[in-house]
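K.L.:
Attaching a predicted model along with its sequence, questions to come.
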Amino acid sequence: MLIAQLSDCHITIPEEDFAKLYNPADKLREAARHVNNSVNRPDLVFLTGDLVNTAKAEEYEVLRGILPEFEMPVYLLPGNHDDCTLLREMFPDHDYLPTDGKLNYVVEGWPLKFICLDTNIHGKPQGHLGHEQLNWLDQELTRETDRPVVIFMHHPPFKTGLTSMDEMGLLDMDDFAEVISRHKNIKRVLCGHLHRSIQKLIGGTLVQVCPSTSHQIRLLLAENNELGTTFEPPEYLLHYWTEKDGLVTHNDYVKDYKVAWTLKGEM
């Protein structure tokens, strides 16, 4: 199976300066067109947070108009730019979202079990899970110890060297790492938030960060605390699962490149 992970689309209304600078809605529409027509067409799509830019109802209305353009199921996760209460209200047809409390849920019916976590702290850039969510995660992981699991969440559970972004990181990353270290059936932890493709091994599991469909964060490491964005190409992750070889992840750009040549048959 193929799973497309798109992240940090930061949808806003067309009149905003942010929209004029980045064109996030048009880029998400192009991403939908790309995945629909890709030779590697995914079975389902996860949007891992920062769905909109300033958590306004008008922004979620724009997003509501774009999501039907995806021709496969789409699952939404909140990021620090989202309002969880408003997200729930604006997408009542997404009945996998809990009607109250944190927006944690499980997606069943596939070879993999997908566990989605809510790291949102209302009105703050940092992320947090807390004991209740971590206990819920631990129970879900224990429920089927032989079944492969993928965890989706917005905030990555590690320091990246992007100092300005690390200050907006997951506050209880050590507690999360301790929980997942106890479970060997986790095949990947998949995150957003950082607007770059980044990987790190945490608690024995590979954690991967998805780039943005809108704009990328400038690569400034170590002591450089400046925060900047770049016009690097919109990008997403494509996760390829087979029973034989497990989960393999590829980066794909939201652009149709010309094919130089192809060769069929034996190499």
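P.N.:
On my side now, so go ahead.
K.L.:
pLDDT value on the closest residue to Phe114 other than its chain neighbours, please?
P.N.:
Using CB to CB, 6 or more residues apart in numbering and skipping residues adjacent in sequence, the residue nearest Phe114 is Val107, 3.9 Å away. To be clear about C-beta, it is placed using only N, CA and C from the backbone, and glycine gets the same treatment. Looking at Val107, its pLDDT stands at 97.
K.L.:
for the residue positioned nearest the centre of the chain, phi and psi?
P.N.:
Per CA atoms, centre = their mean, the C-alpha nearest to the average position across the chain is that of Thr48, at 2.5 Å. Phi and psi for Thr48, reported as degrees, to the nearest 10, are phi -90, psi 60.
K.L.:
who touches it in this structure?
P.N.:
5-8, 77, 79, 152-154, 190-192, 210 (CB atoms under 8 Å, 6 or more residues apart in numbering).
K.L.:
if I look at it, how far off is Arg188?
P.N.:
In this view, Thr48 and Arg188 are 12 Å apart by CB to CB, to the nearest Å.
K.L.:
Mind checking which of the contacts of Thr48 are in strands?
P.N.:
Among these, the members found in strands (DSSP state E) are 5-6, 77, 152, 190-191.
K.L.:
show me where the stretch 151-267 of the chain has strands.
P.N.:
186-191, 198-202, 205-209, 216-217, 229-230, 235-242, 246-253 (DSSP state E, counting those that start in this stretch).
K.L.:
Deepest in the core, which of those strands is it.
P.N.:
Ranked by mean neighbour count, the strands of the stretch 151-267 of the chain are led by strand 186-191 with a mean of 24 (mean count of other CB atoms under 10 Å).
K.L.:
same question for that one, mean pLDDT?
P.N.:
97.
K.L.:
now do stretch 170-183
P.N.:
So the average pLDDT for stretch 170-183 ends up being 96.
K.L.:
okay, how far is it across that stretch, tip to tip?
P.N.:
20 Å (CA to CA, to the nearest Å).
K.L.:
Name the residues of it that are buried.
P.N.:
170-173, 175-177, 179-180, 183 (16 or more other CB atoms under 10 Å).
K.L.:
same question, stretch 217-237
P.N.:
217-218, 220, 232, 234-237.
K.L.:
what do you get for stretch 114-133?
P.N.:
Residues of stretch 114-133 classed as buried by neighbour count (16+ other CB under 10 Å): 114-120, 127-129, 133.
K.L.:
Contacts for it next, please.
P.N.:
With CB under 8 Å, 6+ apart, stretch 114-133 has contacts from 46, 49, 75, 77-80, 82-84, 102-107, 137, 140-141, 149-155, 168-172, 175-176, 193.
K.L.:
Recalculate using a threshold of 7 Å.
P.N.:
75, 77-80, 82, 84, 102-107, 137, 140, 149-155, 168-172, 176 (CB atoms under 7 Å, 6 or more residues apart in numbering).
K.L.:
can you give me the helices in the stretch 101-250 of the chain?
P.N.:
130-143, 163-166, 173-180 (DSSP state H, counting those that start in this stretch).
K.L.:
which residues are contacting the last one?
P.N.:
Contacting residues not belonging to helix 173-180 are listed as 129, 134, 137-138, 157-158, 170, 186, 189, 202-203, 205 [CB under 7 Å, 6+ apart].
K.L.:
Going by distance to Asn251, which of those residues wins?
P.N.:
The closest of those to Asn251 turns out to be Val189 (CB to CB; 17.0 Å).
K.L.:
beta partners for the closest one?
P.N.:
Ile151, Val207 (DSSP bridges).
K.L.:
wait, it sits on Ile151?
P.N.:
Yes - with contact defined as CB atoms under 7 Å, Val189 reaches Ile151; the gap is 4.6 Å.
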